[in-house]
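> how would this look folded up:
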Amino acid sequence: SLQAGKGVTPEEHRVWRNGIYGEIRRMMQLEGFRAGEACELARVSRAGFYRHYEEHEQAQAFPANAPRPCSLLPCYLASMTVRALTPADWPVVEELFGANGACGGCWCMWWRVPHGGKLWEESKGEKNRRALKSAIEAGEVHAVIAFDGESAVGWCSFGPRETFPRIQSVKALRGEAPPGTWSIVCFYIRAKWRRKGVAGALLDAATRRAFELGAQRVEGYPVIPSKPEPVPAVFAWTGIPRLFESAGFRHVAGRTYVRTK
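Got it, this is the predicted structure:
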C-alpha cells in the first residue's frame, strides 16, 4: 500500500522513502555508531531499499530532470506544509526571522543590495527590515515558507536573476545569463528544524514555483565546502551542493548549479 501509483502519490512515496533513511541513521547513532558510520550504513541500507522499489519508480515515468529523493538527512514531514509567500505574510516572516533578522540583520536583503562595504553596513538591521517589509507588502518578493502546523519553520527566496543586483558583484557568479533565468538565493530554517529535510522541501517548492511563474532556467549558488566537515548553518544560507544535486540541478561552473524546464 506504500508503493507509488497504488493509492499513494509520488510525493508521498518520496517522503516515506526518505523517512526510512533518517530512521536508519537515527537507530545507528542510538546504537553508538559515529555520525560517519551511521551515514554510511544508512546509505547502504537505503540503496537496497531503492533497488526493491526501482520498478515502481520506472512505472511512474518520472521526467529525467525531476527531483530525485533527497540524499540529505530527511525527516517525517507529515506535519509540514510549504506554500508561496503572499503580500499579507509580513508578520509571519518577521516572527520567523526574529530580532536578528535571520542572521546579522540581513533580513534576506544581501542579494538585493547592489554591493557590500559601507552600503551594506549601513543597511543591516532596521533599514533592511523596512526594505524587506515594503517589498513583501508590494508583492515584489518571491519566496516559499515551510510551516509546522501554524508555525513558520523555514524560508527560501528566489526570483528573476536580474532582481538580485549583488550577483554581478560576486566574481564567481558575474556574467550574462540566458533570458528567463531565475535564481534561488537564500534559505533560512529554524535551528531545531535543520538537517531534517526542510531545505529539500523548500528547494523543490521554490523550483516548481519559479517554473510556474515563467522561468526557463533556475540557478542556485551553494557554498562549496573547503573541508569534508559539515558546513556551519551560518555559512550555508545559499545551500550546499548535495542539496541541489538531489533536486535535479547540475553543476555548470564555479558555484553555479542549474536546472532547466
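> Low-confidence bits of the chain, can you list those?
Per-residue confidence for the chain (pLDDT under 70) gives these ranges: 1-79, 228-229, 234.
> how about the helices in it?
10-30, 35-60, 90-97, 118-123, 126-137, 198-212, 241-246 (DSSP state H).
> how far away is Phe158 from Gly214?
As judged by CB to CB, to the nearest Å, Phe158 and Gly214 stand 12 Å apart. In short, each C-beta sits where N, CA and C put it, glycine included.
> residue contacts, the closest residue to Ile136 other than its chain neighbours?
Spatial nearest neighbour of Ile136, chain neighbours left out: Trp90 (5.1 Å); criterion: CB to CB, 6 or more residues apart in numbering. Trp90 sits next to 133, 136-137 when contact means CB atoms under 8 Å, 6 or more residues apart in numbering.
> could you redo the last one with a cut-off of 10 Å?
By CB atoms under 10 Å, 6 or more residues apart in numbering, the contact set of Trp90 is 132-137, 141.
> Not counting its neighbours along the chain, what's nearest Ala215?
That would be Trp182: by CB to CB, 6+ apart, it lies 3.9 Å from Ala215.
> Spit out the contact partners of that neighbour.
Residues near Trp182 by CB under 10 Å, 6+ apart: 142, 158-164, 206-207, 209-211, 213-219.
> before we move on, back to that, looking at Phe158 and Gly214, which one has more neighbours?
Phe158 (28 against 10; other CB atoms under 10 Å).
> who does the more buried one bridge with?
Using DSSP bridges, the bridge partners assigned to Phe158 are His142, Ile184.
> any idea how far it is from Ser246?
For Phe158, the distance to Ser246 - CB to CB - is 17 Å.
> swap in Ala135?
30 Å.
> what does Gly154 give?
Applying CB to CB to Gly154 and Ser246 gives a distance of 16 Å.
> who has more neighbours, the two?
Between Gly154 and Ser246, counted using other CB under 10 Å, Gly154 has the larger neighbour count: 23 against 20.
> Quick check: closest non-adjacent residue to that one.
Ala146 (3.6 Å).
> For the one you found, give me its contacts.
If a contact means CB under 10 Å, 6+ apart, then Ala146 has 77, 80-83, 96, 152-156, 189-190, 193, 197-199, 201-202, 205 as its contacts.
> Now the buried members of these.
77, 80, 82, 96, 152-156, 189-190, 193, 197-199, 201-202, 205 (16 or more other CB atoms under 10 Å).
> Give me the neighbour count for the spatially closest residue to Glu137 that is not a sequence neighbour.
Residue nearest to Glu137 in three dimensions, not counting chain neighbours: Pro87, with 5.3 Å by CB to CB, 6+ apart. Pro87 has 12 neighbours, counted by other CB under 10 Å.
> hang on, isn't Pro87 packed against Val93?
No. Pro87 is beyond contact range of Val93, at 11.0 Å (criterion: CB atoms under 10 Å).
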